[in-house]
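> I'll drop the sequence and a predicted model, then ask my questions.
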Amino acid sequence: MTIPNAIYLDCPNCEEHAVHEVLKGKLGKKQEVMEATVKCQECGHVYVTVVREPEQLRVPIIVSELGESKKHDIELMSGDMISVDDEVFLNDSHLLITAVECDGRRVQHCAVEDVSTLWAKRFDKVIVKISVNKHTRTLAAQVEALPDEEFFVGDLMTVGRENVVIHNIRAKNGTVRRGGVPARDIVRIYTKAVRTTNA
């Protein structure tokens, strides 16, 4: 254990789980315990506390992939918080936390040491839904994309056998008519079929 510049702690004054600046610290003989003077970045409260070296905890996690659910264990650090929509890695799989169970009930976030079970889904690829406006008909389609792959209004793309242009994107926080949106934040892409001519 080394003395960090800042750590997350539960502040006894404002009761927030907040970043604390370490003003000074002293390590114990076994280097696993630190006595530190810390300052809460939320309320400015300065106090002395004893911090233990965080340990790796094995937490049960149920992973959904292609309609199947499998139970695994994931190693997380004690003292950390885990929340719905957090992204974690299990072996080589990129996962998105979809639910957190703490003391027998579902919560939005929880300290790692209090977690009973986590639920997650594979997040290596996301499904992007697309509406294709073709004359008087609207066709539904979908494509697989990487979570960080961006789609831009005005881009040409091929959906099935159709060449289409993106005219707007419905994202989680509203409709986008200019610019791009990463696949992870897209609710639906609206496109129009276009004719392409060979020059």
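Ah, there it is.

> residues near Val19, how many?
Using other CB atoms under 10 Å, Val19 has 15 other residues around it. Glycine gets a C-beta too; all of them are placed from N, C-alpha and C.

> next one: the one 4 residues further on
Applying other CB under 10 Å, we find 11 residues neighbouring Leu23.

> was I right to think it contacts Cys40?
No: with contact defined as CB atoms under 8 Å, Leu23 does not reach Cys40; the gap is 11.3 Å.

> now list whatever residues contact both of those two.
By CB atoms under 8 Å, 6 or more residues apart in numbering, Leu23 and Cys40 have these common neighbours: Val46.

> low-confidence bits of the protein, can you list those?
Where the chain drops to pLDDT under 70, the residues are 1, 30-31, 66, 196-199.

> which ones are touching Gln108?
By CB under 8 Å, 6+ apart, the neighbours of Gln108 are Ser83, Val84, Val100.

> over to Asp103?
Neighbouring residues of Asp103 by CB under 8 Å, 6+ apart: Asp114, Ser116.

> that one and Lys125: what is the separation?
34 Å (CB to CB, to the nearest Å).

> hang on, the earlier thing: which of the contacts of Gln108 count as buried?
Listed as buried from the contacts of Gln108 are Val84, Val100; burial here means 16 or more other CB atoms under 10 Å.

> show me what the host helix or strand of Ser69 is packed up against.
Per DSSP states H and E: Ser69 is located in strand 68-77. Applying 3 or more CB pairs under 8 Å, 6 or more residues apart in numbering; DSSP states H and E, one finds that strand 68-77 contacts strand 56-65, strand 87-90.

> can you list the strands that the shortest one pairs with?
Here strand 87-90 is paired, per DSSP bridges, with strand 93-102 (antiparallel).

> what does the partner strand rub up against?
Contacts of strand 93-102 (CB under 8 Å, 6+ apart): 61, 63-64, 82-89, 106-110, 114-124, 147.

> what about the closest residue to His45 other than its chain neighbours, which SS state?
Of all residues not flanking His45 in the chain, Asn13 sits nearest, at 3.7 Å (CB to CB, 6 or more residues apart in numbering). What DSSP: H, G, I helix; E, B strand; the rest coil gives for Asn13 is coil.

> give me the number of residues near the closest residue in space to Glu35 that isn't next to it in sequence?
Closest residue in space to Glu35, ignoring its immediate chain neighbours: Lys26 at 5.0 Å, by CB to CB, 6+ apart. Per other CB under 10 Å, the neighbour tally for Lys26 reads 10.

> quick one: residues contacting Lys26.
Contacts of Lys26 by CB under 8 Å, 6+ apart are Met34, Glu35, Ala36.
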